[in-house]
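Novice: A structural model of the following input is requested.
(one chain, ligands or ions: 1)
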Amino acid sequence: MKSKFNKQPLIEVKGYEKNHSWEGYEQIIKEIKGKIDAIDKEKKIVAMDFYPGVRVDEIRENIIENFPEAISIFTDEEIFFDNEFVTNKIKDYMTEDRVFGIMSPCQFIDFIDQDKLHATRKQIEEAKGLILVYGVAASLLTKPDLHIYLDLARWEIQKRYRRGEIPNWKHNNYNDDILRKYKRGFFFEWRMADRYKKDHFENFHYILDTNLKDIPRMITAKSFLVGLESATKQPFSVVPFFDPGVWGGQWMKEVCDLDRSVENYAWCFNCVPEENSLLLKVGEVIVEVPSINIVLKYPRPLLGEKVHARFGTEFPIRFDFLDTIEGGNLSLQVHPLTEYIQENFGMHYTQDESYYILDAKEDAYVYLGVKTGTTKEKFFGDLAKAQEGEIEFSVEKYINKIPAQKHDHFLIPAGTAHCSGVNSMVLEISSTPYIFTFKLWDWGRAGLDGKPRPIHIEHGSKVLQFDRDTEWTMNNLVNQVKKVNEGKGWREEKTGLHEREFIETRRHWFSVPVLHDTEGELNVLNLIEGEQAIVESPEGKFEPFIVNYAETFIVPAAVGKYSITPYGPSKGKEIATIKAYVRF
Ligand SMILES: O=P(O)(O)OC[C@H]1O[C@](O)(CO)[C@@H](O)[C@@H]1O
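Specialist: As a prediction, this is how the structure comes out:
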């Protein structure tokens with residue numbers, strides 16, 4: 001069967017087909033020049049505001065140098081303190097750990113050198129003609145007449161970090177450990193840049209997509225905001241991204257039609273809006289923007305009142321895939337309890353998880369909960385010895401090894417020892433935090449870079465719950481499926497999550513249309529069985545949305561009622577979806 005999995009889901013922005021989008025530097029420069037000419041002032045200020053990670057040289061060569069008559073000011077150098085100051089100021093948030101920092105509340109303004117700022121403002125005041133201010137937080141320097149925002153997806157930033165192409169903001173750590181670069185991005189830079197962006201959406205005139213080298217795409221801010229807002233009125237998918245890993249498998253290559261020459265794919269992140277991106281089609285141009293933009297700009301229609309009130313501008317539900325088919329076991333791991341993540345990492349809520357088994361080979365299994373009788377002393381004593389290379393740690397001696405079959409659902413409240421075993425295709429339905437994994441044992445293997453992956457036994461020993469033993473695990477975490485509703489041709493089951501987790505999951509099996517209602521809050525779904533389904537609005541509020549096997553999609557709170565029906569090759573057949581929403 002040929003894969004229909006949509007790797008490039010699009011949102012068409014209607015009503016902005018003409019004169020709202022441009023591709024390539026030539027067209028973009030022409031548009032900017034036209035706008036500058038139309039400003040009826042002696043002094044004209046243009047701000048090109050960067051998300052950290054934009055390729056500065058590319059912008060200089062292709063835009064700034066096209067205006068030789070202009071005075072150009074690069075904010076990163078001309079108003080901000082240097083790397084030493086920044087690094088020193090954030091050191092308590094960064095910590096010595098390779099992976100975990102503490103969530104920082106910083107703003108760009110905290111790093112502006114007031115003396116430099118005054119001097120640069122004076123220079124602008126005294127200048128005549130065209131002034132181009134470019135770089136991070138450009139509009140903190142001066143109020144521009146024309147404001148262009150150069151946006152960049154988080155996944156693309158990570159790829160640039162990995163290639164050693166860019167350092168962290170204000171840093172020179174091009175070739176630093178990728179985990180440390182990521183940490184500085186996650187706990188500091190991206191939060192600060194998102195806070196700034198959130199406060200300035202309404203000021204932008206244009207959005208410039210800088211994801212592809214030398215292929216810039218620009219749209220008007222009006223069409224951008226209309227695009228984001230229209231996403232809150234219809235089901236949509238973010239752009240999934242795929243990443244290899246030490247335990248990665250072969251299943252996604254076929255089902256999602258990925259590059260067969262890559263050794264494996266471990267993860268697919270298909271609903272982590274802070275990392276994923278969104279494709280907006282404006283006229284003939286498709287721009288890629290970070291999907292967190294919708295959460296930042298339109299949290300209420302997207303999340304709904306209750307979810308927004310509880311989580312703020314965060315998207316609390318994460319869907320991703322973990323493919324170990326013909327791969328390996330994940331590390332044996334545990335996630336922090338709520339109080340632990342709050343007290344140690346400054347996060348509001350913790351990494352509660354679940355494994356929905358989308359597919360499995362016959363010998364698949366999940367490791368979950370400790371075996372009855374396991375003591376903390378013995379377990380962590382052996383782990384410490386194993387870490388020193390004195391013994392080979394025996395996961396099976398201490399952890400329940402539970403056979404896993406297609407459509408099983410394993411619930412993993414934080415504090416539970418767990419890992420997916422080889423030969424499972426997991427749909428992870430979890431709360432959004434995703435890096436707070438305390439690896440306890442990594443099977444004595446090295447990571448993809450040849451070095452051991454970081455282990456966090458000390459943290460793990462503070463959160464692992466030894467009363468989650470064999471009986472408790474089987475009675476609370478394995479296939480807690482209850483039928484909650486049914487009709488002719490359909491039934492609805494509750495499959496989780498555990499009462500310590502805030503996500504509710506409902507599975508529908510159906511061969512006829514099923515009516516859903518967001519009831520004023522965000523829904524996230526995946527088509528877990530069947531080739532195709534169609535999502536429709538009974539009131540005609542949005543255009544029909546087609547979903548293929550294994551695709552994840554978001555239904556914003558503002559959508560209200562929607563129906564899902566087997567479609568195309570699945571017409572008349574029984575198919576299934578799983579739906580997640582926040583439980584109140
Ligand atoms: O630590 P490992 O073995 O790579 O495990 C995979 C990890 O990836 C995630 O699914 C997401 O990053 C975590 O929840 C999980 O702990």
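Novice: Using just helix, strand and coil, how would you label D110?
Specialist: helix (DSSP: H, G, I helix; E, B strand; the rest coil).
Novice: residue contacts, it?
Specialist: By C-beta atoms under 8 Å, 6 or more residues apart in numbering, the contact list for D110 reads K89. For every residue, glycine as well, the C-beta is placed using N, CA and C.
Novice: Now K253: which helix or strand?
Specialist: For K253, the host element (DSSP states H and E) is helix 251-255.
Novice: Check Y340 too.
Specialist: Assigned by DSSP H and E, Y340 falls in helix 338-345.
Novice: Check what contacts that helix and list those residues.
Specialist: When contacts are defined by C-beta under 8 Å, 6+ apart, helix 338-345 is touched by residues 100-103, 336, 347-351, 414, 433, 436, 459, 462-463.
Novice: measure K451 to E392 for me?
Specialist: Distance, K451 to E392, using C-beta to C-beta, to the nearest Å: 20 Å.
Novice: the more surrounded of these two?
Specialist: Per other C-beta atoms under 10 Å, whichever of K451 and E392 has more neighbours is E392, with 12 against 9.
Novice: is it true that that one touches L383?
Specialist: No - at 11.5 Å, E392 and L383 do not qualify as touching, with contact defined as C-beta atoms under 8 Å.
Novice: Give me the pLDDT value at M1.
Specialist: M1 is assigned 66 on the pLDDT scale.
Novice: Report the next helix or strand after the helix holding Y340 in sequence order.
Specialist: Using DSSP H and E, the helix or strand that follows helix 338-345 in sequence is strand 353-360.
Novice: which residues touch that following strand?
Specialist: Taking C-beta under 8 Å, 6+ apart as the rule, strand 353-360 contacts 251, 321-322, 325, 335, 364, 366, 404-412, 414, 418, 420, 423-431, 495-497, 501, 503, 505, 526, 528, 550, 578.
Novice: And stretch 256-263, by the same measure?
Specialist: By C-beta under 8 Å, 6+ apart, the residues outside stretch 256-263 that reach it are 2-3, 5, 7, 240, 242, 244, 248, 252-253, 265, 268, 550.
Novice: before we move on, the earlier item: describe which strands the following helix or strand past the helix holding K253 pairs with in its sheet and in which direction.
Specialist: The helix or strand immediately downstream of helix 251-255 is strand 267-271, counting by DSSP H and E. When pairing is defined by DSSP bridges, strand 267-271 lines up against strand 241-243 (antiparallel), strand 317-323 (antiparallel).
Novice: burial of D209, as a residue count?
Specialist: 24.
Novice: That one is in contact with V287, isn't it?
Specialist: Yes - the pair D209 / V287 is scored as a contact, 4.1 Å apart, by C-beta under 8 Å.
Novice: got any residues that touch both of the two?
Specialist: Common neighbours of D209 and V287 (C-beta under 8 Å, 6+ apart) are 217-219.
Novice: In strands, which of these fall?
Specialist: 217-219 (DSSP state E).
Novice: so which of the contacts of stretch 256-263 is the most crowded?
Specialist: P240 (27 neighbours).
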